[in-house]
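Colleague: Using only what follows, build the 3D model:
(chains A and B)
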2 protein chains.
Amino acid sequence: MILEVAPLYIRPGQAMQFESAFQEAQAIICSMQGYVSHELQRCIERENEYLLLVRWQTLEDHEIGFRQSPRYQAWKTLLHHFYEPFPQVSHYELIVAEPEFR
Amino acid sequence: MILEVAPLYIRPGQAMQFESAFQEAQAIICSMQGYVSHELQRCIERENEYLLLVRWQTLEDHEIGFRQSPRYQAWKTLLHHFYEPFPQVSHYELIVAEPEFR
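Modeller: Residues are numbered from 1 along each chain as shown, chains lettered A, B, ... in the order given. Reported below is the predicted structural model:
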């Protein structure tokens, strides 16, 4: 399993619309092959900043299965116009977790 | 519950020693009041980069309970010398998660 991490910078004044659009968009990632779980977190210290964490079975499930799917176009249409600048997405592999990762 | 996010940049050549020291240091956070869970993740795209995610019951559990505790000194001694530059730690509150957050 891998962790996708996307720090999201939302255009000022559009945070509520972004959260609402995300509620709709999340059904898209949930439906993808290799999707495990996700969470959208809002930064306490800095306005208009969020962190999207998505767990996938493999890196390819995200980078190929999702990003090259027709449904990625719907995801883009719903969400990408909120981002400024466009996010740098990274991937991570688990070294250690407590309690042991479920 | 809040999420602490610490992007960690480890001095080149010290990643293995850092991982080993973290295995020891993690017992410190696990023992703190308000600690919920944590995971150490290693970046796939960029060498020497990690992400530490720690969930706490409240922001104060991290910022006051942990950082002002005597045990924080032991944590610092074990880990801080690996970081260059020193991490900018942020906190997040959950907006939405699937499956529903446990």
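Colleague: alpha carbons only for contacts and neighbour counts from here, please
Modeller: OK.
Colleague: Just the buried positions in stretch A:63-70, please.
Modeller: Going by neighbour count (16 or more other C-alpha atoms under 10 Å in any protein chain shown), the buried part of stretch A:63-70 is A:65-66.
Colleague: anything in that stretch near chain B?
Modeller: No: judged by C-alpha under 8 Å from any C-alpha of the partner chain, stretch A:63-70 makes no contact with chain B; its nearest approach is 12.8 Å.
Colleague: Pull the distance from that stretch to the chain's centre.
Modeller: Here stretch A:63-70 is found 14 Å from its chain centre; the criterion is C-alpha atoms, centre = their mean, to the nearest Å.
Colleague: check which helix or strand covers the most centrally placed residue in chain A.
Modeller: Residue closest to the average C-alpha location in chain A (C-alpha atoms, centre = their mean): residue A:52, at 4.0 Å. Under the criterion of DSSP states H and E, residue A:52 resides in strand A:49-56.
Colleague: Tell me the strands beside that strand, with direction?
Modeller: Counting by DSSP bridges, the strands paired with strand A:49-56 are strand A:2-9 (antiparallel), strand A:35-43 (antiparallel).
Colleague: which ones are touching residue A:43?
Modeller: Counting by C-alpha atoms under 8 Å, 6 or more residues apart in numbering or on different chains, residue A:43 touches A:49-51, B:90-93.
Colleague: again, only using 6 Å
Modeller: Residues counted as contacts of residue A:43 (C-alpha atoms under 6 Å, 6 or more residues apart in numbering or on different chains) are A:49-50, B:91-92.
Colleague: again with residue A:68
Modeller: Counting by C-alpha under 6 Å, 6+ apart, residue A:68 has no contacts.
Colleague: Just want to check the distance between it and residue A:3.
Modeller: Separation of residue A:68 from residue A:3 (C-alpha to C-alpha, to the nearest Å): 19 Å.
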